[in-house]
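Novice: Pasting the sequence and the predicted coordinates here, then a few questions.
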Amino acid sequence: MKKKLFFTGLIVMFALSAIGHFGHWDMTAQFIISAIAIVFVAGFLGKATESVAHYAGQRLGGFLNATFGNAAELIIAIFLVKEGLFDMVKASITGSIIGNLLLVLGLSFLLGGLKYKVQTYNIKLAEHNGSLMILAIVALFVPAVFIKMEKFSIDEDKLLSIAVACILIACYLLWLVFSMITHKDMLADEVMNADHGEEPSWSKLTSIIMLVVATVMVAFVSEWLVHTLDTFTHKFGLSELFVGAFVIAIVGNAAEHSAAIMLAMKNKIGAAVEIAIGSSLQIALFVAPVLILVSILFNHNSFMDIVFTPIELTAIGVSVFIAKSVNKDGSTNWYEGVLLLMLYAILGFAFYLV
């Protein structure tokens, strides 16, 4: 019954979003409808990836959830880059990183911890995640300092941004080789590999087809949502920083929200952590660098550099600090989830007032 209601809502909201876009409805109405629609399609994406994960295994499944969960954010960001809205793209990258580290992980720890007193996962994985998170913030911090303090020219700025982007992409790809191939057994989690006797929603072939369909739907609704952002931002007097860091990030993170929380409440906290932290690392080490390279392809005269504002770097830095602190021992409880959510609320109020 619940599945039937969900898919009915999915079809209705997707259709309304399409009608609103092509029918040139009021921009505010279009924004609200598209935002609701993208939550539904992101949820559909989450269900499809969870079904694929049943056949691929929990570790690979967590990676797939993070990857396809980021599809909405990546597609939205590409359309924003195409429109030249580089500040909003950087804000959405910031919001995605802190949203996954604080909101998604916090809700997973809280709701999973209310059901299970203590949840544990591979401590080696926690240590490596911590190191990668530190690398991510350092990689964003260094260019900002050098480019601003040394007053680099546009060409030097472009060269450094491209170099750092390529290095981060290489680092992320090597991490996949390390974690998925050469040291797969060391980072495995018994709880994650346990059989909970759950049946997948669809067959293997149907799951893959659903994954493709969901990704295509995300692409369409993302474009319709981006089309409304400029008008919506000006009408309500919101800054691009707040819209990018919180509105777009929360909407785009819908797939990770649902998948990670459901897994945490099934005592699969390792898979939930893989989705939340893995998604943040993917954004910082892969998606952001790819967007920098894409911006150069779209327009050779104007490009998105890797320089983030002090506010954005501060938000990412404090998020990484507390996330690494609560994850270092490989165990979680509901109160650690509360700490993450409280910091997210503090940042939300601060960003709103910018």
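Specialist: Good, I have the coordinates.
Novice: thinking Ile208 is in contact with Val52, fair?
Specialist: Yes: with contacts counted by Cβ atoms under 8 Å, Ile208 reaches Val52, the gap being 6.5 Å. Bear in mind the C-beta positions are built from the backbone N, C-alpha and C, glycine included.
Novice: Out of these two, name the residue with the larger neighbour count.
Specialist: Using other Cβ atoms under 10 Å, the more surrounded residue of Ile208 and Val52 is Val52, with 22 against 15.
Novice: Any regions of the chain where pLDDT drops low?
Specialist: 1, 53, 56-59, 61-62, 65, 69, 72, 189-200, 252-256, 300-301 (pLDDT under 70).
Novice: Could I get the buried residue list for the helix ranked longest in the chain?
Specialist: For the chain, the longest helix by residue count, based on DSSP state H, is helix 204-235. Within helix 204-235, the residues that count as buried by 16 or more other Cβ atoms under 10 Å are 207, 210-211, 214-215, 217-229, 232-233.
Novice: before we move on, what about stretch 113-129?
Specialist: Neighbour-count burial for stretch 113-129 flags 113, 116, 119-122, 125-129 (criterion: 16+ other Cβ under 10 Å).
Novice: Just the ones of these in strands?
Specialist: 119-120 (DSSP state E).
Novice: which other helices and strands contact the longest helix of the chain?
Specialist: Applying 3 or more Cβ pairs under 8 Å, 6 or more residues apart in numbering; DSSP states H and E, one finds that helix 204-235 contacts helix 2-22, helix 27-56, helix 58-69, helix 71-82.
Novice: okay, the angle between the second one and helix 2-22?
Specialist: This points to helix 27-56. Counting by axes from the mean of the first three to the mean of the last three Cα atoms, to 10 degrees, helix 27-56 lies at 140 degrees to helix 2-22.
Novice: mind listing what's buried in helix 27-56?
Specialist: 27, 30-31, 33-54, 56.
Novice: Can you show me the helices along the stretch 151-300 of the chain?
Specialist: Along the stretch 151-300 of the chain, counting by DSSP state H, counting those that start in this stretch, helices occupy 154-177, 190-193, 204-235, 240-242, 249-252, 254-264, 269-282, 288-298.
Novice: State the distance from Leu176 to Ser131.
Specialist: Going from Leu176 to Ser131 by Cβ to Cβ, to the nearest Å gives 15 Å.
Novice: Noted, bye for now.
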